[in-house]
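Enquirer: Have a look at this prediction, sequence included:
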Amino acid sequence: MNILILGNSQDAHALAMQQALTKAGARADYFDTYCFPTQLKISWEPKTQAGSLILPQGGKLEIGEIHSVFWRSFSGVYVPSLNNSQQQDIAINDSMSTLRSFMQACRGRWVNSWQAYQLHKEKPLQLSMVNNIGVSIPQTLVSNDPEQIIYFTDSLDKAIFKPVYGGTYTKLVTAEHLDPKRLSLALQISPVKIQEYIPGTNIRSYVIGESIYAAEIRTSQLDFRLDEKSELIPLELPSWVQKQCLDIAKVLMLEWTAIDWRLKPSGEYVFLEANPSPMFLHFEEKTGFPITQQLVRLLMQ
C-alpha cells in the first residue's frame with residue numbers, strides 16, 4: 001500500500017506519520033513539492049489519465065498506485081533564480097500548474113484535499129458556510145473601510161481583531177487601534193477581520209473520519225497559542241455538538257480537522273475555525289487520545 005505524506009521529515013508531525021504508517025505495514029514516502037521541478041519528477045497525460053512520480057529519494061510511483069495522501073504542509077515549488085524575470089514567472093507558473101493538475105488528478109484518498117485546503121484560505125467564506133448549516137459563529141466584519149469598522153466595533157461590548165487569512169495572534173481592539181489616522185493608514189495596506197469577543201472557555205475538537213476527540217484548553221491568555229502553560233482537560237462533547245462537528249467537516253470537505261470553539265457560560269458553543277492540517281502531537285501526548293492511530297487507520301482504509 002503506497003501512501004504519500006505531503007511535507008518532509010523536518011516537520012515532526014510528518015515524521016511521526018511516516019513512522020506510524022511504516023510500522024503499520026504501508027510504504028510511506030514524503031511528497032515534498034518544494035523539490036519540484038529540481039529533484040521531483042512528475043508526468044501526467046490528460047487523455048489517458050496516466051501519470052507518475054519519481055521521488056527524490058528514488059522509486060517511481062504510478063498515479064493509480066497511490067492509495068492515499070496525508071496533507072501535512074504544502075510548500076509550493078522551487079524554481080532556481082533566473083536572470084530573466086519573465087522566464088522566472090513562466091517557469092513558476094508552469095511548475096505550479098503541473099503540480100496542481102497532478103494533485104487533483106490523483107484519485108487516492110486525500111486527507112485533506114486540495115479543495116479543502118483552498119477553502120481554508122478563505123476564512124470569511126468558511127465562517128459563512130458553517131453559519132448556513134445552523135452552527136453559531138461570532139459577529140464578524142471583514143473590511144478596509146474605517147467608517148464600517150468603527151461603526152461595527154462600537155456596536156459590540158468588546159471586540160477582537162485578527163488577520164483575514166491568518167498568520168498571527170488574536171488581539172483585543174483598543175482605542176489606539178481605532179485612532180482615525182492610524183486606522184486609515186493600516187487599512188490602506190490590508191483589510192482586517194473584527195469579531196465580537198466571546199467570553200467563556202476554549203474548546204478544541206478533533207474530527208477523524210467519524211471519530212471525535214475534544215478537550216478544554218485552560219489558559220489565561222486571549223490566544224491560547226501564546227500560553228506554554230495551558231492545560232488540556234479531556235471532555236465529552238454533547239451529542240448535538242458532536243453532530244455539528246461532523247456537519248462542519250462535511251460542508252468544508254474535511255476528512256480530518258481540528259475545530260476551535262468558545263464555550264459560553266450559557267452553554268452555547270460558538271465556532272471559531274476549522275483547520276485542515278492541524279498540529280496534534282502535543283494534544284495527543286497530553287490527553288492520551290489515539291489521534292495518530294486513527295489517522296493511520298483512515299489513510300489505510
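Expert: All right, it came through fine. Numbering: from 1, shown residues only.
Enquirer: tell me which element Phe161 falls in.
Expert: Per DSSP states H and E: Phe161 is located in strand 159-162.
Enquirer: So for that strand, mean pLDDT?
Expert: Across strand 159-162, pLDDT averages out at 91.
Enquirer: Run me through the strand neighbours of that strand, direction for each.
Expert: Here strand 159-162 has these sheet partners by DSSP bridges: strand 171-172 (antiparallel), strand 192-196 (antiparallel).
Enquirer: Show me how this structure divides into domains.
Expert: Domains of the chain are assigned by automatic domain parsing as 2-111, 139-196, 200-300.
Enquirer: Tell me which of those domains lies nearest to His120.
Expert: Proximity to His120 (Cβ to Cβ) singles out domain 200-300 among the domains of the chain, at 4.8 Å. (Each C-beta comes from the backbone N, C-alpha and C, glycine too.)
Enquirer: re the thing from before, identify whichever of the domains of the chain lies nearest to Asn131.
Expert: Nearest to Asn131, of those and by Cβ to Cβ, is domain 200-300 at 8.1 Å.
Enquirer: any chance you could map the strands in the stretch 151-300 of the chain?
Expert: 159-162, 171-172, 192-196, 201-208, 211-218, 231-235, 256-263, 269-275 (DSSP state E, counting those that start in this stretch).
Enquirer: Output the contacting helices and strands for the fifth one.
Expert: What it means is strand 211-218. In terms of contacts (3 or more Cβ pairs under 8 Å, 6 or more residues apart in numbering; DSSP states H and E), strand 211-218 is packed against strand 201-208, strand 231-235, helix 239-251, helix 281-287.
Enquirer: list the buried ones in the last one?
Expert: Buried residues in helix 281-287, counting neighbours by 16 or more other Cβ atoms under 10 Å, are found at Phe283, Glu284, Thr287.
Enquirer: Between those residues, which sits nearest Ser184?
Expert: Phe283 (41.0 Å).
Enquirer: What is the burial count for Ile52?
Expert: For residue 52 the amino acid is Ser, not Ile. Neighbours of Ser52 under the rule other Cβ atoms under 10 Å: 17.
Enquirer: With only the CA atoms kept, save the strand holding Phe161 in CSV.
Expert: Listed next in CSV are the C-alpha coordinates belonging to strand 159-162 (Å, rounded to 0.1, in the frame of the first residue of the first chain):
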residue,chain,number,x,y,z
ALA,A,159,-14.1,43.3,20.1
ILE,A,160,-11.0,41.4,18.9
PHE,A,161,-9.2,41.6,15.6
LYS,A,162,-7.1,39.1,13.7
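Enquirer: Outside of that strand itself, list whatever touches it.
Expert: 152-153, 168-173, 177, 192-197, 222 (Cβ atoms under 8 Å, 6 or more residues apart in numbering).
Enquirer: Just the buried ones from the residues you listed?
Expert: In those, burial by neighbour count holds for Phe152, Thr153, Thr170, Val173, His177, Val192, Lys193, Ile194, Gln195, Glu196, Tyr197, counting by 16+ other Cβ under 10 Å.
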